[in-house]
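**Q** What follows is a predicted protein model with its sequence.
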Amino acid sequence: MLNWFGREKKVRGWLAVTAEADLLEFAHGRFDPGARPVISIHGVRKLDGDLAKVAHDMRLARYEVAALLRPGEYQFLQVDAPNVPKEELRSAIRWKIRDMIDYHVDDATVDVLDIPPPEGAGARAHFMYAISARNDVIEAKIRLFEQARVPLSVIDIPETAQRNIAALYEDDERAVALAYFAARWGLLTINWRRELYLARRIDVGLEQLAPGAPARDAAQERVAVEIQRTLDHFDRQFGAIPVATMLIAPAPQDGGMAQHLRGRLGIEAQELDLARALAFEEGVPEREMQWRLFHHFGASLRHETKAL
C-alpha cells in the first residue's frame, strides 16, 4: 500500500539501542506465536559524530525504539510497598526514596516495578523496586534521538532486560538465577513467572575473572560467595519459590565460572545458550557479540510498554 502521509508503518517488536562513545549498539526482537522469539537484526555501527545520518541510513524511524541506560545513570532500589491507593503509589515511592538517592527527589524521574507476593505468602512483606534517574540524564537521552529524528518509545535498564532473557529458560514452578559479567561489574537476577524478584550488582567483572587474570581464583570465589548469600537471602524472603538453576551469560571466552559454581552451590550451574531460546535471522552471533549485546537482546524482548 502506498504511504500517502509520508510515515512508515512501524516494524513489529522493539529495537533496543545505546548510542555513546561514537558507537551505536542495537538489536531488534519480536515474538512470533508458537515459535521462538526472533532477533531480526543486531550489531554495532560507527557514528562518526552523526547519529542522524546512521539513523537515516538504517531507517530507525521504522522501529519502536527502547534506549538502554548504563550503570551509573540510574539507581535500582528495593523498598517496602506503600499501603496507599494505586493513584498515590508513585508519590509515595518518591517520598520513600528521597533519602536513598544522592540528588533531590524533585530532580528525579521515578518508575516502579512490583514484586508480586507468591500465593500463600500470608503476612510476608510486600516489596517493590524503585528505579530512579536524574531528569537531565533522561532528557539528554530523549534529546539525542529526537535530534536524529528517532523518537524514543521507552527507556529501559539492564535488570529488566536480563529478566526477559532469563524468562525464556523458566518453568512455572521454579525460579531461574542469571549472572552477567561486564568488564568491571556483574549483575545477578532471580525471576519467576516472568517477574523480577531480585537484582543485585556484583563488584567483580571479566577483567578479574578472565583466564590469566591476576588473583582470578580469589575473584571467582568472591562471586561464588556473593551468589550463595543472594540465594540464601532469596530463600528467606521467598521460601516457597525454589531456584532451579544458575545460568551464566555468554562472555567473550569461557572463564570457567559455571564450572566453579557447580562445585560451590547447591543447584545446577551452566552457561546460557542463547541459540537454544532465540532465533537469529542474521545467524547466531559470535560469543563476543552475544556478550556485548546481551542486554540489548533482552530489552528487545520486552512485553510491557511503560517507560521510566
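**A** Nice, thanks for sending it over. Quick caveat: nothing in here was measured; it's all calculated off a predicted structure.

**Q** What are the boundaries of the strands in the stretch 201-308 of the chain?
**A** Assigned by DSSP state E, counting those that start in this stretch, the stretch 201-308 of the chain shows strands spanning 243-248, 268-271, 279-280.

**Q** which one of the ones you listed has the most crowded surroundings?
**A** Mean neighbour count, computed with mean count of other CB atoms under 10 Å, is highest for strand 243-248 among these, reaching a mean of 21. C-beta: built from backbone N, CA, C; applies to glycine.

**Q** Can you mark which positions in stretch 100-109 are buried?
**A** Ile101, Val105, Ala108, Thr109 (16 or more other CB atoms under 10 Å).

**Q** about what we covered before: out of the strands of the stretch 201-308 of the chain, which gets nearest to Phe297?
**A** strand 279-280 (9.3 Å; CB to CB).

**Q** For Glu20, give me its contacts.
**A** Listed by CB atoms under 8 Å, 6 or more residues apart in numbering, the contact set of Glu20 reads Arg70.

**Q** mind running it again at 10 Å?
**A** By CB atoms under 10 Å, 6 or more residues apart in numbering, the contact list for Glu20 reads Leu47, Arg70, Lys141, Leu144.

**Q** related to what we said a few turns ago, which of the buried residues of stretch 100-109 fall within strands?
**A** Applying DSSP state E to these, the entries found in strands are Ala108, Thr109.

**Q** from the buried residues of stretch 100-109, which single one is nearest Ala182?
**A** Ile101 (22.8 Å).

**Q** Tell me both backbone torsions, phi and psi, for that closest one.
**A** For Ile101, the backbone dihedrals (degrees, to the nearest 10) come out as phi -110, psi 160.

**Q** and the gap between the spatially closest residue to it that is not a sequence neighbour and Ile115?
**A** Nearest residue to Ile101, sequence neighbours excluded (CB to CB, 6 or more residues apart in numbering): Ser132, at 5.3 Å. The gap separating Ser132 from Ile115 is 17 Å, by CB to CB, to the nearest Å.

**Q** are any of the contacts of Glu20 buried, and which?
**A** Leu47, Lys141.

**Q** Tell me what the residue nearest to Ile101 is bridged to.
**A** Under DSSP bridges, the beta-bridge partners of Ser132 are Gln75, Val110.

**Q** Run a quick check on it versus Arg94, I expect a contact.
**A** Yes: shown here, Ser132 and Arg94 form a contact pair, counting by CB atoms under 10 Å, at 8.5 Å.

**Q** ok, those two, which is more surrounded?
**A** Ser132 (22 against 17; other CB atoms under 10 Å).

**Q** how near is the more buried one to Leu47?
**A** 29 Å.

**Q** ditto for His28
**A** Relative to Leu47, and taking CB to CB, His28 is found at 18 Å.

**Q** that older thread, next step: the contacts of Glu20 restricted to helices.
**A** Of the positions in the contacts of Glu20, Lys141, Leu144 sit in helices, assigned by DSSP state H.

**Q** from the contacts of Glu20, which is closest to Gln253?
**A** Taking CB to CB as the measure, Gln253 lies nearest Arg70 of those, at 23.2 Å.

**Q** With adjacent residues omitted, what lies nearest to that closest one?
**A** Nearest one to Arg70, counting by CB to CB, 6+ apart, is Thr18 at 7.1 Å.

**Q** so that neighbour, which of the three states?
**A** What DSSP: H, G, I helix; E, B strand; the rest coil gives for Thr18 is strand.

**Q** wait, isn't it in contact with Ala161?
**A** No: using CB under 10 Å, Thr18 makes no contact with Ala161, being 11.2 Å away.

**Q** Phi first, then psi, for the nearest residue to Val84 once chain neighbours are set aside.
**A** Once flanking residues are discounted, Val84 sits nearest to Ala92: 4.7 Å by CB to CB, 6+ apart. The phi/psi pair for Ala92 (degrees, to the nearest 10) reads phi -70, psi -40.

**Q** can you check Ala61 too?
**A** Torsion angles, degrees, to the nearest 10, at Ala61: phi -70, psi -10.

**Q** same deal with Arg59?
**A** Per degrees, to the nearest 10, the backbone of Arg59 is at phi 50, psi 50.

**Q** Perfect, I'm done here.
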